[in-house]
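Q: heads up, no residue letters with this:
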């Protein structure tokens, strides 16, 4: 055992993650200092999240977030 399991793993840029502080789903844009930069699936401003408050987003959560964004913008297919 390497002992590396104690550090949170930051999701890769381009993947989706959940900000566990408020449940928002965002695309990982990268890192700025110690923070992970996230952006909503439909675009908009980025927000910063401490790495210990980020977890990979399951596909179902990503799809729900995308549908909410489309509905909010009134662009139903």
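A: Perfect, thanks for sending it. Note that the structure is predicted; figures quoted are calculated from it, not measured. Residues are numbered from 1 along each chain as shown.
Q: give me every residue that touches residue 36.
A: Taking Cβ atoms under 8 Å, 6 or more residues apart in numbering as the contact definition, residue 36 lies against 10, 11, 17, 28, 30, 48, 49, 50, 51, 54. The C-beta positions use only the backbone N, C-alpha and C, and glycine is treated the same way.
Q: The third one is in contact with residue 26, isn't it?
A: Yes. The criterion here is Cβ atoms under 8 Å, and residue 17 meets it with residue 26 at 6.3 Å.
Q: In strands, which of the contacts of residue 36 fall?
A: The members of the contacts of residue 36 that map onto strands under DSSP state E are 17, 28, 30, 48, 49, 54.
Q: what touches both of residue 17 and residue 26?
A: 38, 49.
Q: The nearest residue to residue 11 once chain neighbours are set aside - how many residues pack around it?
A: In space, residue 11 comes closest to residue 17 once its chain neighbours are excluded; the distance is 4.4 Å by Cβ to Cβ, 6 or more residues apart in numbering. Residue 17: 24 surrounding residues under other Cβ atoms under 10 Å.
Q: Could you check how far residue 17 is from residue 66?
A: 14 Å (Cβ to Cβ, to the nearest Å).
Q: Which pLDDT value does the model give the nearest residue to residue 19 once chain neighbours are set aside?
A: Nearest residue to residue 19, sequence neighbours excluded (Cβ to Cβ, 6+ apart): residue 49, at 4.7 Å. We have a pLDDT of 97 for residue 49.
Q: do residue 71 as well
A: 83.
Q: Now it: which helix or strand?
A: Using DSSP states H and E, residue 71 maps to helix 59-73.
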